[in-house]
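1. Below: sequence and its predicted model.
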Amino acid sequence: MPTVTFTAHDGSEVTVNGYAGDSVMETAVRNGVPGIVAECGGSLACATCHVFVCPESQDAVDPMAEVEDDMLYGTAVDRQENSRLSCQLKLKDGVDLHVQTPETQV
């Protein structure tokens with residue numbers, strides 16, 4: 001079972017179990033992880049599930065599609081090189097991810 005470790009802006013961490021095929025956003029919402037608003041429910045219509053993928057997880061996520069890249073220009077906190085929308089990050093068996101949530105989503 002894959003896990004996702006979320007590090008908040010203040011440095012606090014929470015690690016939750018997920019299911020292969022689910023998104024990081026779905027996993028966060030299901031487990032009540034603070035810092036993921038997910039206003040659109042994962043339909044790639046907002047940017048309120050913005051995360052920063054930690055270096056150790058960069059190679060474990062699929063490449064970004066153009067529509068996600070465009071949506072990242074609408075984040076509340078400036079995008080960085082490692083910015084992703086967590087609704088687009090799919091969990092895989094045997095792969096544990098580590099992401100950081102920004103200071104705010106709205």
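-> In hand now; what should we look at?
2. so where do the strands sit in this protein?
-> In the chain, the strands defined using DSSP state E lie at 3-7, 13-17, 50-53, 83-85, 97-100.
3. Out of the ones you listed, which gets nearest to Gly74?
-> Of all the strands of the chain, strand 50-53 sits nearest to Gly74, with 9.1 Å by C-beta to C-beta. All C-beta spots, glycine's among them, are computed from the backbone N, C-alpha and C.
4. Mean confidence (pLDDT) on the closest one, please.
-> When pLDDT is averaged over strand 50-53, the result is 98.
5. show me the contacts for the most centrally placed residue in the chain.
-> The chain has Ser86 as the residue nearest its centroid, 2.7 Å off, counting by C-alpha atoms, centre = their mean. Residues near Ser86 by C-beta atoms under 8 Å, 6 or more residues apart in numbering: Ser23, Val24, Met25, Ala28, Ile36, Ala38, Cys49, His50, Val51, Val99.
6. is it true that the last one touches Ala8?
-> Meaning Val99. No. Look at Val99 against Ala8 with C-beta atoms under 8 Å: they stay out of range, at 10.5 Å.
7. the more surrounded of these two?
-> Set Val99 next to Ala8 and count neighbours by other C-beta atoms under 10 Å: Val99 wins out with 24 against 15.
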